[in-house]
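S.K.: Next come a sequence and a model predicted from it.
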Number of protein chains: 2
Amino acid sequence: MSITSDILRGHTEAIILSHLLEKDSYGYQINKDIMKKTNNRYELKEATLYSAFRRLEQAGSIRTYWGDETTGARRRYYAITDFGRQAYLSYKQEWEEAKEMIDHLLQ
Amino acid sequence: MSITSDILRGHTEAIILSHLLEKDSYGYQINKDIMKKTNNRYELKEATLYSAFRRLEQAGSIRTYWGDETTGARRRYYAITDFGRQAYLSYKQEWEEAKEMIDHLLQ
DNA sequence: TCATATACCTCGTCTGTCAAGGTATGTTTT
DNA sequence: AAAACATACCTTGACAGACGAGGTATATGA
């Protein structure tokens, strides 16, 4: 596992929630968006993505529904819930605190 | 496992290296120093600390020696190597990049 | 027809963290 | 004198998130 992966560990759910704040989306699209947003420096692996979706749904942070595409592969959409919005804010604050702490510990 | 633990995951080695930049130290002291530095908001657990020491030594980032205390419990000191100093700088740069990336992904 | 892109998913492995346990020495409190 | 605490080291086994490797299905373009 690369250092980057370990540094990013634990942020997956927050990254997904942040993405869903704007609008509902589906796995494949979220993956592409994140790659684009980071200029291909970070690719959320599919297995990682789907296991995060499962955790988020179980926690009640997102809900899912099937898209009504009449052509192409079916899409499973994800929507953030009110609980998810709160979780996102909580994550974000934790990140701000952790960031400060790590900065301090690394001088 | 708390969210904080997962966010901090992967920083342990860098935190230790940063600490050893100033002066040689030993496990118990490093642990106390980190707690103090973070106002008790973060405690590096002993098992985590010692497994990090093992990885760092195996990688050649630190070397160890026994202290010459004539009283009290013996202390195993750790010293950063030149390779470790490079590793530290590498970590730090990765952290700066990751930080920017996460900030961007969380908006 | 075959490759590629879109779109979903699962299984098993790896690795850092940590709870729980242990050993030993010295000091302070009861 | 005994018990509790602080200092100091260490190991084992389990957990959980990340991910490599594999799978399924639909549509399009060469």
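M.R.: Cool, the structure landed. Note that this is a predicted model, so its numbers are computed, not measured.
S.K.: quick one: average pLDDT of the longest helix along chain A?
M.R.: When chain A is parsed with DSSP state H, its longest helix is helix A:82-105. For helix A:82-105, mean pLDDT rounds to 96.
S.K.: Can you name every helix or strand that that helix contacts?
M.R.: Where contact means 3 or more CB pairs under 8 Å, 6 or more residues apart in numbering or on different chains; DSSP states H and E, helix A:82-105 is packed against helix A:12-22, helix A:46-59, helix B:3-8, helix B:12-22, helix B:27-37, helix B:82-105. Placement of C-beta: from N, CA and C, glycine included.
S.K.: burial of the closest residue to DNA strand D within chain A, as a residue count?
M.R.: Chain A approaches DNA strand D most closely through A:Ala47 (2.9 Å), counting by CB to the nearest atom of the strand. For A:Ala47, the neighbour count with other CB atoms under 10 Å in any protein chain shown is 8.
S.K.: who touches A:Ile34 in this structure?
M.R.: A:Ile34 makes contact with A:15, A:19, A:42-44, B:105, according to CB atoms under 8 Å, 6 or more residues apart in numbering or on different chains.
S.K.: that older thread, okay, the helices and strands packed on helix A:82-105 in a markdown table with distance to DNA strand C next?
M.R.: Formatted as a markdown table, those follow (distance: least, CB to the nearest atom of the strand, whole Å):
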| stretch | distance to DNA strand C |
| --- | --- |
| helix A:12-22 | 12 |
| helix A:46-59 | 4 |
| helix B:3-8 | 3 |
| helix B:12-22 | 4 |
| helix B:27-37 | 10 |
| helix B:82-105 | 12 |
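S.K.: For the spatially most central residue of chain A, give its distance to A:Asn31.
M.R.: Centroid-nearest residue in chain A: A:Ile16, 1.7 Å away (criterion: CA atoms, centre = their mean). Remark: distance between A:Ile16 and A:Asn31 (CB to CB, to the nearest Å) = 10 Å.
S.K.: who touches both of these two?
M.R.: A:Leu49.
S.K.: hmm, back to that, I'd say the residue nearest to the centre of chain A and A:Ala52 touch.
M.R.: Yes: using CB atoms under 8 Å, A:Ile16 is in contact with A:Ala52, at 5.8 Å.
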